[in-house]
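Chemist: need a structure here:
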Amino acid sequence: MKVHFIAIGGSAMHNLALALYKKGDVVTGSDDVIFDPSKSRLEAKGLLPEEFGWFPKKITKDLDAIILGMHAKADNPELLKAQELGLPIYSYPEFLYEQSKHKTRVVIGGSHGKTTITSMILHVLHYHDMDVDYMVGAQLEGFDTMVKITSNNEFMILEGDEYLSSPIDRRPKFHLYKPNIALLSGIAWDHINVFPTFENYVDQFDIFVSSITAGGVIVYNEEDEVVKQVVENNANIIKKYAYKTPNYKVINGSAAIETPDGWMPLEIFGKHNLQNMAGAKWICQHIGIGEDAFYEAIASFKGASKRLEKIAASKTAVAFKDFAHSPSKVKATTAAVAEMYQDKNVLACLELHTYSSLNKKFLSHYKNALDKADKAVVFYSPHALAIKKMEPISEETIKEAFGREDLLVFTDPKAFKDFLFNENLKNTALLLMSSGNYGGLDFDAIKTLLL
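Modeler: Numbers count the residues shown, from 1 in each chain. Just a heads-up that it's a prediction; the model follows:
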């Protein structure tokens, strides 16, 4: 196939481009700006555009497919030319479905946990040399790219995002995959710029469950009341399997779960992660991996990139980086660190970075999210608010929303960095939660703080 990417530089888009190149397809692309690691990875394969910008002359009749990324706009010059020529135009999820419609599609959905669960499944399958196609939202140890597409693999494992598919397709991505096997981990209102009410947001998951092929399977977290209600009230003729957090305890600084063969230590920790593992086990069993084989493999799973990722440690202190930004994930991640390191002071830092988290009406959902931390910090950039054309937020509003009078609030990257680098971190568990980088914080430099 000859495939052209409009907005090739995105995290997901460039990984798909690399996957198709590896498959043997002819790949071209355009973008107005591309940052690392996308830039260097595309350049290494000769896929980096010679010049940044949009060039309608690249759009020719001999192209078999156009893949349109969310970074592009509806009036993109290359898109308009493709429409004029009548070329097949796909959103990212549409194209993945086209590549997998003759395979068994396994889709992992939920407001949180989907990257970790997908990563767990792929780790187990990789451990047992079971080759599958996949798309996951994080770089995994032992995997070259975040996307793999072949002509012959039986299964396609897909992380099912509920955000919009493309500038001209406003459907949530996970509505397009039509899974044979699906998982729903949790529902907590997010993306309020797209889904203005909680009820509207929940409806998207109901549509997802309805999209499962007749006779298919849904694995769901019965400890989430909204998930339980959505799945159990859905009339789709499918098999429904509930999961919950396994019995666990902390032994010598590590989490251990109860198995038929006794207590088994794990590399990961936190109730939410062990709950995710229970869901991953069900999916693996439906794919053909037995319970014993699952436990053997999952024991070595160290977590997905930026998901409670340990970035530094010393004899008395430890530091983690986590992608958490939604209220439910912030609360679960903070509680996980507090439970694991009861002998340390927990310093939890959260950057408000997304549209939802910076919205005054949404802030109240963060109530008590940082309560398990001994010291809590919130950072946000007024510049980010200006770019998103949102109202300014006062320090008092932030404190009231989180329900902590002792909350430290920073809006200047230098002031936050100075605070962090002057803090005595002896006997501390530091947790840095963000989908951004605190205005340019060097995470590698954190190691020097713990020495």
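Chemist: now for the chain, which residue lies nearest the mean position of the chain?
Modeler: Nearest to the mean C-alpha position of the chain, counting by C-alpha atoms, centre = their mean, stands residue 115 at 4.5 Å.
Chemist: check which helix or strand covers it.
Modeler: Assigned by DSSP states H and E, residue 115 belongs to helix 114-127.
Chemist: could I get that helix in PDB with only the CA atoms?
Modeler: What follows is helix 114-127, C-alpha atoms only, in PDB (Å, rounded to 0.1, in the frame of the first residue of the first chain):
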ATOM      1  CA  LYS A 114      -6.300   1.100  29.900                       C
ATOM      2  CA  THR A 115      -2.600   1.700  29.000                       C
ATOM      3  CA  THR A 116      -1.500  -0.400  32.000                       C
ATOM      4  CA  ILE A 117      -3.900  -3.200  31.400                       C
ATOM      5  CA  THR A 118      -3.000  -3.400  27.700                       C
ATOM      6  CA  SER A 119       0.700  -3.300  28.600                       C
ATOM      7  CA  MET A 120       0.200  -6.200  31.100                       C
ATOM      8  CA  ILE A 121      -1.500  -8.300  28.500                       C
ATOM      9  CA  LEU A 122       1.200  -7.700  25.900                       C
ATOM     10  CA  HIS A 123       3.900  -8.400  28.500                       C
ATOM     11  CA  VAL A 124       2.300 -11.800  29.300                       C
ATOM     12  CA  LEU A 125       1.800 -12.700  25.600                       C
ATOM     13  CA  HIS A 126       5.400 -11.600  24.800                       C
ATOM     14  CA  TYR A 127       6.700 -13.700  27.800                       C
END
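Chemist: Residue 351: which element?
Modeler: strand 345-352.
Chemist: Can you name the next helix or strand after that strand?
Modeler: Taking DSSP H and E, what comes next after strand 345-352 is strand 375-380.
Chemist: Contacts for that following strand next, please.
Modeler: 345-353, 357-358, 370, 393, 398, 402, 404, 406-411, 413, 416, 419, 434, 438-439 (C-beta atoms under 8 Å, 6 or more residues apart in numbering). Glycine gets a C-beta too; all of them are placed from N, C-alpha and C.
Chemist: Hey, what's the angle from it to strand 345-352? Just curious.
Modeler: With axes from the mean of the first three to the mean of the last three C-alpha atoms, to 10 degrees applied, the angle from strand 375-380 to strand 345-352 works out at 20 degrees.
Chemist: circling back: contacts for the helix holding residue 115?
Modeler: Outside helix 114-127, the residues touching it (C-beta under 8 Å, 6+ apart) are 106, 108, 110, 131-132, 134, 136-138, 140, 142-143, 157-161, 183, 185, 273, 276-277, 279-280, 283-284, 287, 289, 293-294, 296-298, 300-301, 303-304, 307, 323.
Chemist: and after it, which helix or strand comes next?
Modeler: strand 133-135.
Chemist: Run the chain-centre distance for that following strand.
Modeler: 15 Å (C-alpha atoms, centre = their mean, to the nearest Å).
Chemist: ok, it: who's next to it in the sheet?
Modeler: With DSSP bridges as the test, strand 133-135 is paired with strand 147-148 (antiparallel), strand 155-160 (parallel).
Chemist: got these as TSV, with distance to residue 67 columns?
Modeler: What follows is these, written out as TSV (distance: least, C-beta to C-beta, whole Å):
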stretch	distance to residue 67
strand 147-148	12
strand 155-160	16
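Chemist: most packed of these?
Modeler: Ranked by mean neighbour count, these are led by strand 155-160 with a mean of 26 (mean count of other C-beta atoms under 10 Å).
Chemist: How far does that one sit from its chain's centre?
Modeler: Distance, centroid of strand 155-160 to centroid of chain: 13 Å (C-alpha atoms, centre = their mean).
Chemist: what does stretch 220-231 give?
Modeler: 20 Å.
Chemist: Can you pull out the residues in contact with that stretch?
Modeler: Contacts for stretch 220-231 (C-beta under 8 Å, 6+ apart): 110, 183-187, 202, 205-206, 209, 218, 240-245, 275, 279.
Chemist: Just the buried residues out of these, in PyMOL syntax.
Modeler: A single PyMOL command selects the buried members of the contacts of stretch 220-231 (16 or more other C-beta atoms under 10 Å):
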select buried, resi 110+183+184+185+186+187+202+205+206+209+218+241+242+243+245+275+279
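Chemist: Out of the contacts of stretch 220-231, which sit inside helices?
Modeler: 202, 205-206, 209, 275, 279 (DSSP state H).
Chemist: And these, which two are furthest apart?
Modeler: In the ones in helices among the contacts of stretch 220-231, the most distant members under the criterion C-beta to C-beta are 206 and 275, with 21.6 Å between them.
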